[in-house]
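*Asks:* Return atomic coordinates for the entry below.
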Amino acid sequence: MEVLLSGLNSYLGNRAMSHLNRKGFHVHGIARDLDLLKSRLLEPATGSLSIVDLLRKGKSYDSFEVKGGIDLAIYITHVPTLAEKINLNLELITLKNFIQLAIKNHCQRIIYIARLMDKPFVSYIQKVLEDSKLVFTIVLKNLAIGKGSVLDKYMRQMFHGKYLAYDGDIANVKFSPIYALDLLRWICNVDWHSNFKNQIIEIGGAHVLTIQEMYRLYKKQLYPDTKVKSFRMPSFLMRLFYKKMYHINQEDVIEFNRLMKMEYPIDNSSWKNIVLFSFTPLDQVIKSDQ
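*Replies:* All right, here's what the predicted structure looks like:
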């Protein structure tokens with residue numbers, strides 16, 4: 001299967017460029033700046049990479065062609081959030097151009113992958129996909145975890161000091177984090193020619209837990225002897241504290257909090273009776289995906 005992949009600068013896209021290319025999946029990744037992309041890759045790319053600018057298009061866009069055509073197009077959300085009008089408009093432009101690129105390469109099947117926090121704005125995405133006449137699936141996922149993820153970096157930083165300040169509103173949010181490589185393996189396991197046609201489905205990991213519980217899991221697996229005292233702090237002081245104590249940028253704290261406020265547990269009922277799949281235990285993910 002020839003697969004067109006966009007959104008490589010996202011965490012999931014980054015890992016997809018290294019792990020989605022496997023038996024039965026030949027991945028053609030596209031990005032505007034390959035040098036910048038390669039400098040950010042967590043692992044070597046295994047699929048083919050091409051320069052294609054989905055925003056401005058141009059010669060590289062016009063000349064892009066996959067011999068024999070594309071069987072499956074996968075678009076991973078490009079912008080940090082769809083909640084801001086400028087970002088949403090940019091997303092719609094690049095998605096429309098991606099669709100045209102896929103159609104030009106004889107593709108009739110597309111997957112759009114977004115975060116749970118994008119759910120209120122998915123109707124705009126759905127309208128574009130419906131207008132394209134392609135068979136589509138919108139996949140809304142819980143927070144993706146693993147090496148280099150927002151949550152992974154955030155958790156590891158917490159063990160660099162003697163004190164842990166936490167926001168109770170965030171610490172007690174229940175969610176079902178999904179291992180990025182599990183999600184990619186799940187994509188490979190689905191028969192996209194037969195299943196989830198013109199549907200919106202949700203996918204999360206197998207376990208429901210809070211951020212506090214995730215913190216304890218990280219501590220048990222990676223820092224069992226570390227002694228950290230925790231205390232609750234008002235949200236408006238968190239950004240300053242984290243910057244001073246852990247050298248975490250305010251933007252990173254804002255991004256993490258924004259992601260977590262929109263998270264909730266997913267029971268996978270929209271697909272689990274169709275796709276046979278087993279998840280990697282979270283403790284194994286934390287310990288082995290370094």
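*Asks:* Which of the helices and strands in the chain ranks last by mean pLDDT?
*Replies:* helix 235-246 (a mean of 58; mean pLDDT, DSSP states H and E).
*Asks:* How are the helices of the stretch 51-200 of the chain distributed by residue range?
*Replies:* Ranges of helices in the stretch 51-200 of the chain, per DSSP state H, counting those that start in this stretch, are 59-63, 85-104, 122-132, 150-157, 168-171, 180-189.
*Asks:* so which of those helices gets nearest Val275?
*Replies:* Closest of the helices of the stretch 51-200 of the chain to Val275 is helix 180-189, at 5.7 Å (criterion: CB to CB). Just so you know, the C-beta spots here come from the backbone N, C-alpha and C atoms, and that holds for glycine as well.
*Asks:* so what secondary structure elements neighbour that closest one?
*Replies:* helix 11-19, strand 144-145 (3 or more CB pairs under 8 Å, 6 or more residues apart in numbering; DSSP states H and E).
*Asks:* Buried deepest among these, which one?
*Replies:* Highest mean neighbour count among these (mean count of other CB atoms under 10 Å): strand 144-145, with a mean of 25.
*Asks:* Walk me through which strands that one pairs with, and which way each runs.
*Replies:* Strand 144-145 has the following strand partners under DSSP bridges: strand 178-179 (parallel).
*Asks:* mean confidence score for the partner strand?
*Replies:* When pLDDT is averaged along strand 178-179, the result is 97.
*Asks:* Pull the distance from it to the chain's centre.
*Replies:* 10 Å (CA atoms, centre = their mean, to the nearest Å).
*Asks:* Other residues contacting that strand?
*Replies:* Contacts of strand 178-179 with the rest of the structure, by CB atoms under 8 Å, 6 or more residues apart in numbering, involve 141-146, 203-205, 279-280, 282, 285, 289.
*Asks:* before we move on, the earlier item: out of the helices of the stretch 51-200 of the chain, deepest packed?
*Replies:* Counting by mean count of other CB under 10 Å, the most buried of those turns out to be helix 180-189, with a mean of 19.
*Asks:* contacting residues around that helix?
*Replies:* 11-12, 15-16, 19-20, 22, 24-25, 74, 111, 141, 144-146, 149, 203, 205, 275-277, 279-280, 289.
*Asks:* Any quick PyMOL command for the buried ones out of the residues you listed?
*Replies:* Selecting only the buried entries of the contacts of helix 180-189 in PyMOL, with 16 or more other CB atoms under 10 Å as the criterion:
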select buried, resi 11+12+15+16+19+20+25+74+111+141+144+145+146+149+203+205+279+280+289
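*Asks:* Which of the residues in stretch 277-290 are classified as buried?
*Replies:* Under 16+ other CB under 10 Å, the buried positions of stretch 277-290 are 279-280, 282, 285-286, 289.
*Asks:* With pLDDT and distance to Asn268 as added columns, please give the contacts of strand 178-179 in CSV.
*Replies:* Converted to CSV, those look like this (pLDDT from 0 to 100; distance: CB to CB, whole Å):
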residue, pLDDT, distance to Asn268
Lys141, 96, 11
Asn142, 95, 10
Leu143, 93, 15
Ala144, 94, 15
Ile145, 94, 16
Gly146, 95, 18
Ile203, 97, 6
Gly204, 96, 6
Gly205, 95, 9
Phe279, 96, 9
Thr280, 96, 15
Leu282, 95, 15
Val285, 96, 17
Asp289, 88, 21
